[in-house]
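Visitor: Please work out how this folds:
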Amino acid sequence: MQKQQGFTLIELIVVIVILGILAATALPKFADLKDDANLAAMKGLGGAMSSAAVLAHATQLAKGYASNVTVTMEGGNVTMSNGYPTDDAAGIGAAVRSSDYSFISTATGMGKSATCYMGYNASPDGSLPAIGGITPGSAVSGC
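Guide: As a prediction, this is how the structure comes out:
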């Protein structure tokens, strides 16, 4: 009686077909992760902008400056208006100081491009600045 060694051709083909079916069903899930990563990055940038704005405001209050005086944060000057950074490169752009993102003047915010950014609207009356532009579930194109 002869012992069987290895797999038959039919067994190998069945395993390859099963792996192909699993790969075809799993691939769309993994291919869609880029938009999720970009959304998370933009939300992180929004958090950084919010923190920088509040920190600049706190610095201004702690030093007793008027609401429109430039504040120095970590060696950089931040232009202020109504107690919070202005919506330009000298304001929120200087407060965040990120090497990954830059101030986008066409979008009035920070990001990678005019289609991939987090918006920033300066405080018109001393209230918190509006930060947004990317919402959960939205497609983040152009990133």
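
Visitor: what about Lys63, how many neighbours?
Guide: Neighbourhood size, Lys63 [other CB atoms under 10 Å]: 10. Placement of C-beta: from N, CA and C, glycine included.

Visitor: now swap in Leu39 and tell me
Guide: Residues near Leu39, counting by other CB under 10 Å, number 18.

Visitor: how much space between it and Lys63?
Guide: To Lys63, Leu39 is 37 Å away according to CB to CB, to the nearest Å.

Visitor: what do you get for Pro129?
Guide: 20 Å.

Visitor: for Ser113, same thing?
Guide: 36 Å.

Visitor: tell me the helices in this protein, going along the chain?
Guide: Here the chain has its helices, by DSSP state H, at 9-31, 33-63, 92-96.

Visitor: So what touches the shortest one?
Guide: When you say that, I think you mean helix 92-96. 45, 48-49, 52-53, 55-56, 73, 76-79, 85-86, 102-103, 109-110, 120, 122, 129 (CB atoms under 8 Å, 6 or more residues apart in numbering).
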